[in-house]
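Asks: 3D, please:
(chains A and B)
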Amino acid sequence: MDTQNISLLEGREKQVYEKKNGQKGADIACDTTSLSGSVSQRACVFCGSRVVLYPVADAIHIVHGPIGCAAYTWDIRGAVSSGPELHRLSFSTDLGEMDVIYGGEKKLYRSLIELIDQYQPNAAFVYSTCIIGLIGDDIDAVCRKVEKEKGIPVMPVHSEGFKGTKKDGYKAACTALMQLIGTGSTEEISKYSINILGEFNLAGEAWIIREYYEKMGIQVVATMTGDGRIDAIRRSHGASLNVVQCSGSMTFLAKEMEEKYGIPFIRVSYFGFEDMSKSLYDVAQYFGDKPEIMEKAKVIVHDEIRHYYPDMQKFKKALTGKKAAIYVGGAFKTFSLIKALRTIGMSVVLAGSQTGNKDDYNRLKEMCEEGTVIVDDSNPVELSKFILEKEADLLIGGVKERPIAFKLGVGFCDHNHERKIPLAGFVGMYNFAKEVYESVMSPVWQFAPRKGGQQ
Amino acid sequence: MLLRHTSKEVKVREGLTINPAKTCQPIGAMYAALGIHGCLPHSHGSQGCCSYHRSTLTRHYKEPVMAATSSFTEGASVFGGQANLLAAIETIFSVYDPDIIAVHSTCLSETIGDDLQQITKKASDDGKIPEGKYVIYASTPSFIGSHITGYANMVTGMAEQFTVSTGEKKNQVNIIAGWMEPSDMREIKRLSKELGVNIVLFPDTSDVLDAPQTGKHEFYPKGGTTVAELRSTGDSLSSLALGCVSAEPAAIALEKKCKVPFTTLDMPIGLSATDRFIMALSQAGGVSVPDTVTADRGRLVDVIADMEQYLYGKKVALFGDPDQIIPLTEFLLDLNMKPLHIVSGTPGQRFEKRMREILDARSPETNFKNGLGADMFLMHQWMKNEPVDLLIGNTYGKYIARDEDIPFIRFGFPILDRIGHSYFPSVGYSGGLRLVEKILSVLMDRQDRDALEEKFELVM
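Replies: Residues are numbered from 1 along each chain as shown, chains lettered A, B, ... in the order given. As a prediction, this is how the structure comes out:
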């Protein structure tokens, strides 16, 4: 089947929008589960919980279910730790047929005891998979029992795969974190303090962001969850402000913390010069009673941009007029990417996400230029079709999209789990531009049939 | 220091699996189904399963991997997934237009009791399967067996559901591929051609998961066993099943349904197993072994003889899938090396029996274990108690190799951090040569790295 000559998947019309004559059109249908039979790029509830909690490095993460869910999520996301690395091991109850028939509670209990004895972690997260929701194991009770016996927090994560979308998984993860928050001491926490939420320290990104804030004279109490530590999370309710990136995954937690502990939150993005600067200024503005914070923020922004600006011009010169397609997990990231791409002279012809909501898509419609296609929960056929139709030179996506781009003869940048260099912060913008430049301008395309074999 | 927590003392664990040497059935079924031409694998379960399998296969092959999902919701899990699957079949044929849909189940759909045979029959009765198109299925509950079991189940499904016997024998031999790489399948076809034996190889992922760059995204790449070929397997002279765990069940099904006799062989990895394969193939096809193949063999033997001193007595730990581990163990013994610790996460007695046959006479002290508890943590513990010179296994071995500071060869599934496995075979004499080259390269690089200056040799 030739992917160029296909129509949209039936029932998908409402999840695809093309900006024409500045029309806003109807709302994009989103927040729905995928159509049965679609080749969706989405994952499940468990996946959502796992990616959010996984970077907590001094806890054990045990997957309660058959082996697959543990095997496929074993150290696949480069969330780096400055200390313990328990999160990079794979623990599973590896349920078999008899466990499914007779229940897996005893096996889970024994596994937890064995694990805690072996590794002496500061806490444990227990993930339920699809099957646990069916066989009815009471994992809450097992967790309570082990917690009591071993004296460390043991959190159940209700992440049965079929119980919603990936976003519900984020929520289950946040619920587990809420159990920890508020159980530690808030001594020695400054008035000028924040938590960094929704930053997972892929390729060490949280360290970069943390350093900026610390240079401004702000205390970072906890990063959730990049390079995460249980003790820091437990005392994170002592911070004055929550700074939330990756809206989809952590806004729920920020709202809960606001309600329970009265901590306000702001939404930020660390991608691109524009949004990165704003993230520093917004925090500085919040602490307006101490003007030197803003002064320091200005110095950081000034110095960093001055440092990277000359190199950026080289990339911009080469990339001006090139077109990009974006298909990523969360819509919030798309906004930053559009701005970042404009910085290097590129326009966006396709923008989509797996988990955007109505507000996200409306904002996206406003941001995009005429002719841009916007999609929710897309599939490979649709992506290939639009990439060719719109003559994109670059696709920004995740693991499953990468080889599609290369088969089409189009450059690629991984803005998902598999980034190998930090893309956040000022240095991240430089890295991003460099990666885009390398891929789009690669000599390999001279040898490759491109864009449907036409060139 | 990633694995600094691994303790030397081996304790029996009662539930826990640490760092598994296997994964679950559905991904095997998906991989097998990709080896049918024009087939879209379909995962009857939650969305995540399909996504994880596609991602893992994509990381291993660096190729697009297409598969659909029933996208289970809470409702489906209460009322059964029949409606989802029926809707999926309709959607897939109308939009993605495959020749075949190969449905596999998951732990979720199995536990709620969905019966794939009944649902696909209903789809057919309701006219949801267009003329000339097919839906096949395999039951692949994740809580039984491993990815290898899932592969075997889907290949068995192909044999059971496609094969017809016309009563007229065809001058062809079935070769049922155990879980191997597209490069291996390509090599099996090349060898058969060289011998002059007509074969039907199934499944066949060559030209599917090693496709060239064309400027197009081919949803159904040109490779894969065709329906016509699969249907004709019932008229073949005989079947050769390459692997007692992943291929033999399909051969049994073919014998049952169409009375095609079969021989089970080890996957032809290394010298002895390839010898047996070539002999079996020449007998099955009634041909003699051509000089070119004999010369290939001679070259492999020549290299082994040339380099014997660098191989002798080297201790090896290996982990992976049973049908690959069995002949690899034998090959290591043929190379005069010492396979010392072996684990395979896939349960089953066939592995143990075959390993005993190979090891009892030649290396009775080798530690090996499969099934529950046979994980990489255990292997690492064994290695701490009795160190080795070389580790062979999938990408996850790199932690152990780094921790123990020993040479490491990537072999098996998944390989997430290197290329080559999809392009260069491990089977056949040329595959054997590649393995020997790899083994020698890492061992001799290590020797060079660690040599004192006065012992640092130019000629080796």
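
Asks: return the biggest helix by length in chain B as CSV; C-alpha atoms alone will do.
Replies: If you go by DSSP state H, chain B has its longest helix at helix B:428-450. Only the C-alpha atoms of helix B:428-450 are listed here, as CSV (Å, rounded to 0.1, in the frame of the first residue of the first chain):
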residue,chain,number,x,y,z
GLY,B,428,25.2,-21.1,8.1
TYR,B,429,28.9,-21.3,7.7
SER,B,430,29.2,-17.6,6.8
GLY,B,431,27.3,-16.8,10.0
GLY,B,432,29.7,-19.1,11.9
LEU,B,433,32.6,-17.1,10.4
ARG,B,434,31.0,-13.9,11.5
LEU,B,435,30.6,-15.2,15.1
VAL,B,436,34.2,-16.4,15.2
GLU,B,437,35.4,-13.0,13.9
LYS,B,438,33.4,-11.2,16.5
ILE,B,439,34.6,-13.4,19.3
LEU,B,440,38.2,-13.1,18.3
SER,B,441,38.0,-9.4,17.8
VAL,B,442,36.7,-8.6,21.3
LEU,B,443,39.1,-11.1,23.0
MET,B,444,42.1,-10.0,21.1
ASP,B,445,41.3,-6.3,21.5
ARG,B,446,41.1,-6.9,25.2
GLN,B,447,44.4,-8.8,25.1
ASP,B,448,46.0,-5.8,23.3
ARG,B,449,44.5,-3.3,25.7
ASP,B,450,45.7,-5.1,28.8
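
Asks: smallest gap between the stretch 151-300 of chain A and chain B, at which residue?
Replies: Scanning the stretch 151-300 of chain A for the residue nearest chain B gives residue A:161, at 3.7 Å (criterion: C-beta to the nearest C-beta). Any C-beta I mention is one placed from the backbone N, CA and C, and that applies to glycine too.

Asks: elements contacting the longest helix of chain B?
Replies: helix B:182-195, helix B:271-285, helix B:291-311, helix B:322-334, strand B:390-393, strand B:408-410 (3 or more C-beta pairs under 8 Å, 6 or more residues apart in numbering or on different chains; DSSP states H and E).

Asks: try it again at 6 Å.
Replies: helix B:271-285, helix B:291-311 (3 or more C-beta pairs under 6 Å, 6 or more residues apart in numbering or on different chains; DSSP states H and E).

Asks: show me chain B divided up by domain.
Replies: B:25-162, B:173-285, B:291-453 (automatic domain parsing).

Asks: what distance separates the last one from the centre of its chain?
Replies: What it means is domain B:291-453. In terms of C-alpha atoms, centre = their mean, to the nearest Å, the gap separating the centre of domain B:291-453 from the centre of its chain is 16 Å.

Asks: ramachandran coordinates for residue B:315?
Replies: phi -90, psi 140 (degrees, to the nearest 10).

Asks: hmm, residue B:338 and it touching each other?
Replies: Yes: between residue B:315 and residue B:338 there is a contact under C-beta atoms under 6 Å: 4.8 Å.

Asks: tell me which of the two has more neighbours.
Replies: Comparing residue B:315 with residue B:338 by other C-beta atoms under 10 Å in any protein chain shown, the one with more neighbours is residue B:338, at 20 against 17.

Asks: what pLDDT does that one get?
Replies: Model confidence at residue B:338, expressed as pLDDT, equals 98.

Asks: which residues touch it?
Replies: B:313, B:315 (C-beta atoms under 6 Å, 6 or more residues apart in numbering or on different chains).

Asks: now the residue of the stretch 151-300 of chain A closest to chain B, what's its secondary structure?
Replies: Following DSSP: H, G, I helix; E, B strand; the rest coil, the label given to residue A:161 is coil.

Asks: before we move on, the earlier item: average pLDDT for the longest helix of chain B?
Replies: 98.

Asks: buried set for that helix?
Replies: Within helix B:428-450, the residues that count as buried by 16 or more other C-beta atoms under 10 Å in any protein chain shown are B:428-436, B:438-440, B:442-443.

Asks: and the residues you listed, which is closest to chain A?
Replies: Using C-beta to the nearest C-beta, these come closest to chain A at residue B:442, 22.8 Å.

Asks: does the closest one really touch residue B:407, like I thought?
Replies: Yes: taking contacts as C-beta under 6 Å, residue B:442 lies within contact range of residue B:407: 3.8 Å.

Asks: wait, residue A:327 sits on residue A:398?
Replies: No: using C-beta under 6 Å, residue A:327 is not in contact with residue A:398, being 8.0 Å away.

Asks: who has more neighbours out of the two?
Replies: residue A:327 (28 against 19).

Asks: quick one, phi/psi of that one?
Replies: Dihedral angles for residue A:327 - degrees, to the nearest 10 - are phi -140, psi 100.

Asks: OK, contacts around it?
Replies: A:352, A:378, A:383, A:397, A:401.

Asks: how does it look with 8 Å?
Replies: Listed by C-beta atoms under 8 Å, 6 or more residues apart in numbering or on different chains, the contact partners of residue A:327 are A:41, A:350-353, A:375, A:378, A:383, A:395-397, A:401.

Asks: for chain B, see how far away it is.
Replies: 14 Å (C-beta to the nearest C-beta, to the nearest Å).

Asks: tabulate the helices and strands packed on helix B:428-450 (a markdown table), appending mean neighbour count, mean pLDDT and distance to residue A:146.
Replies: Shown next, in a markdown table, are the helices and strands packed on helix B:428-450 (neighbours: other C-beta atoms under 10 Å in any protein chain shown; pLDDT from 0 to 100; distance: least, C-beta to C-beta, whole Å):
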| stretch | mean neighbour count | mean pLDDT | distance to residue A:146 |
| --- | --- | --- | --- |
| helix B:271-285 | 19 | 98 | 47 |
| helix B:291-311 | 14 | 98 | 49 |
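
Asks: so what touches the strand or helix carrying residue A:445?
Replies: Counting by DSSP states H and E, the element that carries residue A:445 is helix A:444-447. Here helix A:444-447 makes contact (C-beta under 8 Å, 6+ apart) with A:409, A:411.

Asks: got any residues that touch both of residue B:442 and residue B:407?
Replies: In contact with both residue B:442 and residue B:407: residue B:390, using C-beta under 8 Å, 6+ apart.

Asks: in strands, which of the contacts of residue A:327 appear?
Replies: A:350-353, A:375, A:395-397 (DSSP state E).

Asks: now residue A:243. Nearest residue, chain neighbours left out?
Replies: residue A:194 (5.1 Å; C-beta to C-beta, 6 or more residues apart in numbering or on different chains).

Asks: and the next element down the chain from whichever strand or helix holds that neighbour?
Replies: Using DSSP H and E, residue A:194 sits within strand A:193-199. Next helix or strand after strand A:193-199 toward the C-terminus (DSSP H and E): helix A:205-215.

Asks: list the helices and strands that following helix packs on?
Replies: Packed next to helix A:205-215, using 3+ C-beta pairs under 8 Å, 6+ apart, are strand A:193-199, strand A:219-225, helix A:273-286, helix A:291-319, helix A:425-440.

Asks: please redo it, this time with the cut-off set to 7 Å
Replies: strand A:193-199, strand A:219-225, helix A:291-319, helix A:425-440 (3 or more C-beta pairs under 7 Å, 6 or more residues apart in numbering or on different chains; DSSP states H and E).

Asks: got the contact list for the residue of the stretch 151-300 of chain A closest to chain B?
Replies: When contacts are counted by C-beta atoms under 7 Å, 6 or more residues apart in numbering or on different chains, residue A:161 touches A:44-46, A:129-130, B:46, B:48.

Asks: repeat that for residue A:124.
Replies: Contacts of residue A:124 (C-beta under 7 Å, 6+ apart): A:59-60, A:62, A:112, A:116, A:152, A:154.
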